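>>> when you get a sec, could you give me coordinates for this:
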Amino acid sequence: MKQLSEAFTAHLQSGATTLCWCWRLTRRDGMKLGFTDHDRDLAFDNTIFEAASGFTASEIRDQVGLSVDNLEVTGALISDRLSEISLAAGDFDDAAVEIFRVNWHDPSQRVLMRAGSLGEVRRAGAAFSAEVRGLAHYLQQPKGRLFQYTCDADLGDPRCGVDLSSHVYRASGTVLAVRDTRRIAVDGLADYEIGWFNRGIIAFTSGANAGRSIEVKSHSARAGMIEIELWQPMGEPIAIGDTITATAGCDKRFETCAARFANAVNYRGFPHMPGNDFVTAVAQPGSTPRPAGSSAVSGA
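So this is what the prediction gives:
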């Protein structure tokens, strides 16, 4: 049950209300953005709620039990703080969302109607629609570790332990040519084995995409130049002369961990677990099925 102040309760019971909706988005980097369907900006909780931002919301649906409550917010990208580029770049992925019902005449009279996170965002030109998921959806996310062949650590994180600041795993370069929205030719990587940066990270250190990072799909050579293919286009156009930092990638296999990074002791997968081939294997005369990764030992 929501608790209302006496003043807000009296306002709602007066029969003549001055109410509006306010939305607050908190990005994963801590930036807070406020929007309202009122015709003037409002301010409370150290947040400016921008007016005329084109936000409208569907009805809020509450469900019994652990089902995920959700609603959909639609709007136009007419705010300087909420742009198509920032949405496409993932700046608002899983952003925390708070929805308030506010007395715009006295913003101290308000109630938090819903808290959740931003889900799927769909864009069409200057318009967008965003799913706001209830907090129960976090209960449906897998938690803990999985029993699997491949490593579940991120390369360079504390569980992995590989020092990615070393020049062996990190290089700086400059964009020499732009093939299309996802493929670029760069210098500075010629001393590295082809494929070294597959599944790695490219961070732009200058240009329109400065400060943004993206995963590498492939690292190859073409027409005498080193080419990097990104998994998806950057939010802003890439230009010749943009500088980048490339970090090596890992395919999460035990063999790669041991050979490329000499880090088998920190491998976080289970490379010797039995697979489906072991479960479905048929015993042959004179042989015994063995789990993947094991070896036969001959007797004297």
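>>> residue 114 reaches residue 101, doesn't it?
No - assessed by Cβ atoms under 8 Å, residue 114 is found out of contact with residue 101, at 9.7 Å. Bear in mind the C-beta positions are built from the backbone N, C-alpha and C, glycine included.
>>> got the domain ranges for the chain?
Domain segmentation of the chain under automatic domain parsing yields 6-140, 170-247.
>>> pLDDT of the longest one, averaged?
In this model, domain 6-140 has an average pLDDT of 75.
>>> now the strands: where do they sit in the stretch 201-300 of the chain?
For the stretch 201-300 of the chain, the strands defined by DSSP state E, counting those that start in this stretch occupy 201-204, 213-222, 225-230, 243-247.
>>> adding mean pLDDT, write those strands out as JSON lines.
Shown next, in JSON lines, are the strands of the stretch 201-300 of the chain (pLDDT from 0 to 100):
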{"stretch": "strand 201-204", "mean pLDDT": "93"}
{"stretch": "strand 213-222", "mean pLDDT": "91"}
{"stretch": "strand 225-230", "mean pLDDT": "92"}
{"stretch": "strand 243-247", "mean pLDDT": "94"}
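>>> hmm, back to that, in JSON lines, list the domains of the chain along with mean neighbour count and distance to residue 267.
Below are these laid out as JSON lines (neighbours: other Cβ atoms under 10 Å; distance: least, Cβ to Cβ, whole Å):
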{"stretch": "domain 6-140", "mean neighbour count": "16", "distance to residue 267": "29"}
{"stretch": "domain 170-247", "mean neighbour count": "16", "distance to residue 267": "16"}
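>>> to residue 149, which of those domains lies closest?
Residue 149 sits nearest to domain 170-247 of all the domains of the chain, at 16.1 Å, using Cβ to Cβ.
>>> so how far is the closest one off the chain centroid?
With Cα atoms, centre = their mean, to the nearest Å as the basis, domain 170-247 stands 20 Å off its chain's centre.
>>> begin at 26 from now on, thanks
With 26 as the first residue, the last one maps to domain 195-272.
>>> how long is it end to end?
5 Å (Cα to Cα, to the nearest Å).
>>> pull out the buried residues from stretch 182-194.
By neighbour count on 16 or more other Cβ atoms under 10 Å, the buried set for stretch 182-194 is 185, 187, 194.
>>> how near is the nearest residue to the last one once chain neighbours are set aside to residue 297?
What it means is residue 194. Leaving aside its sequence neighbours, residue 194 sits nearest to residue 273 (Cβ to Cβ, 6 or more residues apart in numbering; 4.1 Å). For residue 273, the distance to residue 297 (Cβ to Cβ, to the nearest Å) stands at 26 Å.
>>> look at those two and report which has more neighbours.
residue 273 (25 against 11; other Cβ atoms under 10 Å).
>>> now the more buried one: how far from residue 243?
Applying Cβ to Cβ, the value for residue 273 to residue 243 is 14 Å.
>>> centroid-nearest residue for this protein?
Nearest to the mean C-alpha position of the chain, counting by Cα atoms, centre = their mean, stands residue 118 at 5.6 Å.
>>> span of stretch 174-193 from start to end?
Using Cα to Cα, the end-to-end distance of stretch 174-193 comes to 26 Å.
>>> try stretch 41-54
Criterion Cα to Cα; first-to-last residue distance in stretch 41-54 is 40 Å.
>>> and for that stretch, what's in contact with it?
For stretch 41-54, the external contacting residues (Cβ atoms under 8 Å, 6 or more residues apart in numbering) are 36, 57-63, 67, 70, 72, 74, 80, 82, 98, 116-130, 135, 143.
>>> what of stretch 271-287?
Residues from elsewhere that reach stretch 271-287, judged by Cβ under 8 Å, 6+ apart: 174-177, 180-181, 187, 189, 193-198, 211, 213-214, 221-228, 240-241, 244, 253, 288-289, 291-292, 294, 296.
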